[in-house]
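Participant: Pasting the sequence and the predicted coordinates here, then a few questions.
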Amino acid sequence: MELDSLYQEVILEHYKRPLNKALSANPLVQVHHINTSCGDEITLNLDMDGEVIKSITWDGVGCSISQASTSVVSDLLSGKTSSEAMALIEEFQVMLQSKGSDLGNEDNLGDGVAFAGVAKFPARVKCALLGWMASKDAISQAVAKINGLSSEEKR
Amino acid sequence: MELDSLYQEVILEHYKRPLNKALSANPLVQVHHINTSCGDEITLNLDMDGEVIKSITWDGVGCSISQASTSVVSDLLSGKTSSEAMALIEEFQVMLQSKGSDLGNEDNLGDGVAFAGVAKFPARVKCALLGWMASKDAISQAVAKINGLSSEEKR
Amino acid sequence: MNTQFDVSAVRSDFPILDRLIRGNNRLVYLDSGATSQKPVSVLDAEREFYTKHNAAAHRGAHQLAEEATELFEGAREKVATFLGAKSEAIVFTKSATESINLVAYSLGNALPGSKFHIKPGDRIVVSEMEHHANLIPWQELAKRTGAELVWFSVDPNGRLDLSNISDLINEKTKVVALTHQSNVLGTINPINEIAKQVRKVGAFFVLDACQSVPHFAVQVSELDIDFMAFSGHKMLAPTGVGVLWGRQELLDEMPPFLTGGSMIETVSMESATYLPAPKRFEAGVPNMAQVVGLGAAVDYLNKLGMENIHNHEIQLTKLAIDGLSQIKGLQIIGPTNLEMRGGVVSFAIEGVHPHDLGQALDQYGIAVRTGHHCAWPLIKKFKVVATTRASLYLYNNTADIEALVSGVERARDYFVGR
Amino acid sequence: MNTQFDVSAVRSDFPILDRLIRGNNRLVYLDSGATSQKPVSVLDAEREFYTKHNAAAHRGAHQLAEEATELFEGAREKVATFLGAKSEAIVFTKSATESINLVAYSLGNALPGSKFHIKPGDRIVVSEMEHHANLIPWQELAKRTGAELVWFSVDPNGRLDLSNISDLINEKTKVVALTHQSNVLGTINPINEIAKQVRKVGAFFVLDACQSVPHFAVQVSELDIDFMAFSGHKMLAPTGVGVLWGRQELLDEMPPFLTGGSMIETVSMESATYLPAPKRFEAGVPNMAQVVGLGAAVDYLNKLGMENIHNHEIQLTKLAIDGLSQIKGLQIIGPTNLEMRGGVVSFAIEGVHPHDLGQALDQYGIAVRTGHHCAWPLIKKFKVVATTRASLYLYNNTADIEALVSGVERARDYFVGR
Ligand SMILES: Cc1ncc(COP(=O)(O)O)c(C=O)c1O
Ligand SMILES: Cc1ncc(COP(=O)(O)O)c(C=O)c1O
């Protein structure tokens, strides 16, 4: 059944047991994203250790795709530098907009490649991207904040 | 050719040599009517002799149908009482709204029956009615004026 | 089932029902609340208009223009008769959304002194179960005029809470805009009961009939309302056509909305005067083919009979509610009794997000809608993220309902296990 | 004639051209300025949408909804490419009339402080040759906002009088709304020349492209304008669909016009926030089948080539002007040279009212338009009651023009004698 090609085992696994789904206290950055076409929402906290992402924690409601995908991204990006993270987000986005032709590089995206099948369902691409776009937004804000701080410190 | 069934000889005759097409001075009532779908306009003057229509004179621009029809009505109604005139206008209107089934009574409508063919061309019905509706309006106003006057006189 | 209603004959008029979905599944179309499918007779009427009579209605003395005008105005008569209305009171728009915006903008255009003028302190009343199309235009009108927007609540059974009606609809109220049937809950609202209070305070009553006119007999002569809006595409007609019915004396006096050709009486460079309704509100070359298609849709509905259609839908609705209620963790959002209720069934299942459910159903060939159904405040009120909605129409049969119930069960098992 | 352009092949794509008129006359359709005829490929595209893919675009995760969305958005891309524009800058409306009203109402909705806000003392510039659709919305906006409406004159040759351009378009000017090609005169206006002055004062330039986009290549990237409006039905597409193109950064910022479903970001009972363009301006279930038909119309035009179409029309226009000019008492209303001019020929004949002429031509199978052509102030300016207008399109051939010229002669003889 084709349903399994969309809902890969690993997606259902992340959906049932999501990673990092508990908001950290006093985060460096908090963002709130909504999928306006369906009402799914997430809140995402980001903490950095210098250039390196210390943790991404989150909470929210949504479909299995958006929940699992947020679980995957929160895990994947921890320990990466902000620029490494941004590149991975870009790679994931390209895969999802490929309409199914790009199967993703597991070495880079890890469990993220399980979402390659979603690209064949245009209405669901936004679900898969929700957590990734929230992460991207949070990282940009964090970088701006750190640069702002350091330039302030320099003054 | 079917064109002749619309443009009967008598219509073209009235169009080329319209009757009463010169406005009387100091009329009892003057009305101005426009066919908003094409811009044709007429000004029509009405004078009464008690209950009897003394004259209908007019001026204006329009197609052969509206010009000829106004010529016909101005001639037909002269000498009629206002209620006779209203009945004839009603009769003409019924003929034109019959879609061609009512050929009109020549004893009553005179040259007016030449417009029976117009009823088959819905877009032209308004043209044929322009002068008749203006006459109806003018007669109503005249009657109101006369009644107003006489009730004032009675007082 | 209904003996006067031969659903398999009906189905053969709808070519799309032969489509296979996601491989080899028959199409089970349960999304008619979003848009309905079209019978061949409607498609043929449109095509015949284009291939034989196409010309600009009301704008030419030639034969095609005459024929186009007759077909266009003939369709207006059909719609009028269908609603128990006069032709002159039927305004063609592009959609219910335009129809409602038309009323809101026209009121907003009225100058002080006009009975249509809305001013600060005036009140506009809506409800929590409105579709965005019958909510946001009134929010915006309230903002533009300084009027206050207030609303009826919805109770946990999905019915309007009328307990505070005389607080809500008071002497300040200028407009009451309500839906006839909720597109999420299926609830049919007691219009004439509410109308009594609307009449008492002299407000205008605007009815959103998008989900009622396609599904049961609606006669404006029996409803004590002032305006009514609906879309053709939800009642077998082409996309791109809607209707606004209004009381003739109001339509003739209200300020115009869209301005342009064919709605004018006289025009100079400085200003213009306007024709009475319906032309007053139909600026431009109209959506002629779509209107002609709507006329054919009305013919089709009349042939079947609105009473029969409604009975058929209600029988299927009962089947659906009974079947779905058996499913573990499933909650029907909306009334579960069939009194004052139409063929729209929304539900939520614990542990299965509507998006996932809709996706699984689609994989089995079953088309439903998931999300907030353009009624976000209502969805929030029921404290769910979204719902799954099955909405029925005359071409659905018991097999469709059985497919829905077993599909939902199967999907539930897939996501949460047995 | 044009070797790249096989008009008899083109004609075979238009079934209506086989109609017989008033007995046994072949149809000579010279009223494309009012509305064009439709090729089979457009009708087939619409029908295929309904019989295979019909569902509410952007509103469902099921397969039909996905396909409908793809077809709808695919048509948007076709239209964008056709105009040299970005997809996001193409807004689908019901007509040019709606498109122009959209801009006028959106500006009227802007609050003080916004760059779109229009206030007393501001100026709106139009011209004497505007169609009512590009005149009355601006009269009404001027009335609502207290702005002043001023206009370009038209000279006796039917050209815009630009001598006072810097008086008209000055630092008070907020909007300049002009037609690309006059629907009465055939005049094509020098847009970029006027745009220089519009840019200098920082006003918005709104172009009515109803009579240009269907007839010659229009690339928004080459026109220094801000908004452009046109209708599908005049360019082979179905009735009920129009386009507004706008500069992306303006569309995204402007206040919405029609409000309702599918154009929102978030909604509460009190207020809503809105998506960027194009969705911002496409409230409600869209006119999907008509948009898909418009996409097919664009395909058809592209296949023939806009350059070829224009050349073909210009050759026929020359024939028409030359032929008609020979007729005693006939006056062409509009330019008689072919520079900056399209295939619309208006005329008047002494002693023959246009209505009578139109009626006689109809009797011979020739469809023209007579009257004020929704441009009443222009007709008054030329001191005629009305004109007769022949308007050409790609399916017309030399036989059509010959029929027109001899028909007009015959009619003239009928009404005024030889
Ligand atoms: C120049 C011009 N502008 C605007 C319009 C209005 O177009 P529509 O009636 O399709 O909205 C027309 C056609 O009627 C036109 O020729
Ligand atoms: C209750 C209700 N009102 C209004 C609308 C809006 O209709 P449309 O999108 O056709 O304008 C809909 C359907 O979407 C509806 O269900």
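Facilitator: Perfect, I can see it now. Ligands and ions are numbered 1, 2, ... in the order given.
Participant: residues near residue A:130, how many?
Facilitator: Residues contacting residue A:130 under the criterion other C-beta atoms under 10 Å in any protein chain shown number 26. Every C-beta, even on glycine, is put in place using the N, C-alpha and C of the backbone.
Participant: was I right about it contacting residue A:35?
Facilitator: Yes. Between residue A:130 and residue A:35 there is a contact under C-beta atoms under 8 Å: 5.5 Å.
Participant: For chain C, what is the nearest residue in chain A?
Facilitator: Of all residues in chain A, residue A:63 sits closest to chain C, at 3.6 Å by C-beta to the nearest C-beta.
Participant: so how far is ligand 1 from residue C:212?
Facilitator: 31 Å (C-beta to the nearest ligand atom, to the nearest Å).
Participant: And what about residue A:99, helix, strand or coil?
Facilitator: Under DSSP: H, G, I helix; E, B strand; the rest coil, residue A:99 falls in the coil class.
Participant: what residues are up against it?
Facilitator: A:119, A:120, A:122 (C-beta atoms under 8 Å, 6 or more residues apart in numbering or on different chains).
Participant: at 10 Å what do you get?
Facilitator: For residue A:99, the contact set (C-beta atoms under 10 Å, 6 or more residues apart in numbering or on different chains) comprises A:119, A:120, A:121, A:122, A:125.
Participant: Per-residue pLDDT of the third one, please?
Facilitator: The confidence metric pLDDT takes the value 87 at residue A:121.
Participant: Nearest residue to it in space, please, no chain neighbours.
Facilitator: residue A:6 (6.4 Å; C-beta to C-beta, 6 or more residues apart in numbering or on different chains).
Participant: Phi and psi next, for that neighbour.
Facilitator: phi -80, psi -50 (degrees, to the nearest 10).
Participant: circling back: by neighbour count, which of the contacts of residue A:99 wins?
Facilitator: Counting by other C-beta under 10 Å, top hit in the contacts of residue A:99: residue A:119 with 21 neighbours.
Participant: in chain A, which helix has the most residues?
Facilitator: Longest helix of chain A, by residue count under DSSP state H: helix A:122-154.
Participant: Count the residues that sit near the nearest residue to residue C:334 once chain neighbours are set aside.
Facilitator: Distances taken as C-beta to C-beta, 6+ apart put residue C:185 closest to residue C:334, at 3.3 Å, once the chain neighbours are dropped. Neighbours of residue C:185 under the rule other C-beta under 10 Å: 28.
Participant: ditto for residue C:19
Facilitator: 18.
Participant: Compute the distance between it and ligand 2, please.
Facilitator: Separation of residue C:19 from ligand 2 (C-beta to the nearest ligand atom): 23 Å.
Participant: ok, that residue touching residue D:48?
Facilitator: No. Using C-beta atoms under 10 Å, residue C:19 is not in contact with residue D:48, being 11.8 Å away.
Participant: Common neighbours of the two, please.
Facilitator: With C-beta under 10 Å, 6+ apart as the test, residue C:19 and residue D:48 both reach residue D:54.
Participant: gap between the two ends of stretch C:131-139?
Facilitator: The stretch stretch C:131-139 measures 13 Å between its terminal residues, going by C-alpha to C-alpha, to the nearest Å.
Participant: So is it next to ligand 2?
Facilitator: Yes. Stretch C:131-139 comes into contact with ligand 2 (C-beta under 6 Å from any ligand atom), by way of C:131, C:133, C:134.
Participant: if I pick the first one, what's in contact with it?
Facilitator: Going back to what we said before, that points to residue C:131. When contacts are counted by C-beta under 10 Å, 6+ apart, residue C:131 is found next to C:96-97, C:100, C:179, C:182-184, C:208, C:210-211, C:373-375, C:378, D:260-261, D:284.
Participant: gap between the residue of chain A found nearest ligand 2 and residue D:231?
Facilitator: Nearest to ligand 2, among the residues of chain A, is residue A:37, at 14.5 Å (C-beta to the nearest ligand atom). Taking C-beta to C-beta, to the nearest Å as the measure, residue A:37 falls 30 Å from residue D:231.
Participant: quick one, which of those two is more surrounded?
Facilitator: residue D:231 (30 against 18).
Participant: Need the three-state assignment for residue C:153.
Facilitator: strand.
Participant: Check it and give its pLDDT.
Facilitator: 98.
Participant: and what of residue A:151?
Facilitator: pLDDT, residue A:151: 58.
Participant: Would you map the helices across the chain?
Facilitator: Chain wasn't specified; assuming chain A. Counting by DSSP H, the helices of chain A are A:3-6, A:9-16, A:64-77, A:82-96, A:106-109, A:122-154.
Participant: Sorry, I should have been clearer: chain C.
Facilitator: Under the criterion DSSP H, chain C contains helices at C:7-11, C:40-48, C:63-83, C:96-109, C:136-145, C:165-168, C:191-201, C:248-253, C:288-304, C:306-325, C:354-363, C:376-381, C:398-416.
Participant: roughly how far is the second one from the heart of the chain?
Facilitator: Spelled out, that is helix C:40-48. 22 Å (C-alpha atoms, centre = their mean, to the nearest Å).
Participant: which residue does the stretch 151-300 of chain C bring closest to ligand 1?
Facilitator: residue C:284 (3.2 Å).
Participant: how close does that residue sit to residue C:77?
Facilitator: 21 Å.
Participant: Between the two, which is the more surrounded one?
Facilitator: Of the pair residue C:284 and residue C:77, residue C:284 is the one with more neighbours under other C-beta under 10 Å, namely 28 against 14.
Participant: Okay, that one and residue C:190: tell me how far apart.
Facilitator: Distance from residue C:284 to residue C:190, by C-beta to C-beta: 38 Å.
Participant: per-residue confidence at the residue nearest the centre of chain A?
Facilitator: In chain A, the centroid-proximal residue (C-alpha atoms, centre = their mean) is residue A:132; its distance is 2.8 Å. Note on residue A:132: pLDDT of 97.
Participant: now do the one 3 residues further on
Facilitator: On pLDDT, residue A:135 comes in at 97.
Participant: Quick check: closest non-adjacent residue to it.
Facilitator: Nearest residue to residue A:135, sequence neighbours excluded (C-beta to C-beta, 6+ apart): residue A:73, at 5.4 Å.
Participant: what's near enough to touch residue 57?
Facilitator: Picking chain A for this. A:19-25, A:27, A:30, A:43-47, A:74, A:78.
Participant: try chain C instead
Facilitator: Residues near residue C:57 by C-beta under 10 Å, 6+ apart: C:64-73, C:262, C:282, C:285-286, C:288, C:291-292, D:34-35, D:239.
Participant: ChimeraX command for the buried members of these?
Facilitator: In ChimeraX, this line selects whichever of the contacts of residue C:57 come out buried by 16 or more other C-beta atoms under 10 Å in any protein chain shown:
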select /C:64,65,66,67,68,69,71,72,73,262,282,285,286,288,291,292 /D:34,35,239
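Participant: Which positions in chain C make contact with chain A?
Facilitator: Residues of chain C lying near chain A by C-beta under 10 Å from any C-beta of the partner chain: C:22-23, C:351-360, C:362-364, C:370-372, C:376, C:379-380, C:384-386, C:410-411, C:414-417.
Participant: ok, residues contacting the least confident helix or strand in chain A by mean pLDDT?
Facilitator: Least confident helix or strand, chain A: helix A:3-6 with a mean of 84, by mean pLDDT, DSSP states H and E. Here helix A:3-6 makes contact (C-beta under 10 Å, 6+ apart) with A:11-12, A:64-65, A:100, A:114-118, A:120-121, A:124, C:22, C:356, C:359-360, C:362-364, C:410-411, C:414.
Participant: Would you mind listing where chain A has pLDDT under the threshold?
Facilitator: For chain A, the stretches flagged by pLDDT under 70 are A:1, A:149-155.
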